[in-house]
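Asks: sequence and predicted structure, then a few things I'm wondering about:
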Amino acid sequence: MSFRVPPAPPRDEPPLVAGERETLAGFLDYQRLTFARKVEGLSAQQLRLRSVEPSSMSLLGLARHLADVERLWWRAGVAGEDVGPRYWSAQDPDGEFDRVDEADPAADLAELATQQDLARAVLAAHSLDDTFEHHRQGTTSVRWVLAHLLEEYARHNGHADLLRERIDGATGE
């Protein structure tokens with residue numbers, strides 16, 4: 001039996017009238033679900049395809065990258081957990097993109113969903129004004145992390161648009 005990414009859950013528009021937290025979190029969840037829609041229905045081979053040469057970027061690589069982004073900013077940063085990246089290292093800084101040929105797409109997409117759920121729990125436990133010490137940039141607020149994740153997903157959803165269109169011609173939001 002061959003792997004295919006299942007359909008993404010329904011995607012609601014972010015709230016038009018809400019407080020800062022609800023608005024920002026709503027936009028982040030919208031962007032997360034946008035990425036899920038970019039990969040739905042694809043096979044393992046299609047997820048691994050580097051369709052915009054010479055870049056090593058693939059949809060699976062993006063999923064792995066986003067899982068580490070969620071993990072490191074929310075869990076290691078905001079929550080202060082002792083966790084590191086799963087897919088890259090100092091010795092292999094592009095491992096999330098370069099090591100997809102033998103990767104397990106089902107496991108990697110499940111890891112992304114898990115990290116998103118854990119991130120939601122971390123956000124729920126903190127004020128937007130809470131801060132932590134980041135190893136490179138110093139004192140950083142939860143508000144900044146939330147805005148940064150929005151930027152990260154929006155940028156990579158643009159990449160995902162191009163990758164998906166090159167794979168099977170699918171376009172859309």
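Replies: Cool, the structure landed. Numbering: from 1, shown residues only.

Asks: make it CA atoms for all contacts and neighbour counts henceforth
Replies: OK.

Asks: now the residue nearest to residue 109 when sequence neighbours are not counted: how far from residue 33?
Replies: Counting by CA to CA, 6 or more residues apart in numbering, residue 109 lies nearest to residue 63, which is 6.5 Å off, once chain neighbours are set aside. Computed as CA to CA, to the nearest Å, the residue 63 to residue 33 distance reads 12 Å.

Asks: which one's more surrounded, those two?
Replies: residue 63 (26 against 17; other CA atoms under 10 Å).

Asks: per-residue confidence for the more buried one?
Replies: On the pLDDT scale, residue 63 is placed at 98.

Asks: tell me the secondary structure for it?
Replies: When classified by DSSP: H, G, I helix; E, B strand; the rest coil, residue 63 comes out as helix.

Asks: that one: what's it in contact with?
Replies: By CA atoms under 8 Å, 6 or more residues apart in numbering, the contact list for residue 63 reads 108-109, 112.

Asks: how near is it to residue 153?
Replies: In this structure, residue 63 lies at 10 Å from residue 153, with CA to CA as the measure.

Asks: which residue is the nearest non-sequential neighbour of residue 101?
Replies: Nearest to residue 101 is residue 48, by CA to CA, 6+ apart, at 6.4 Å.

Asks: I am finished for the moment; much appreciated.
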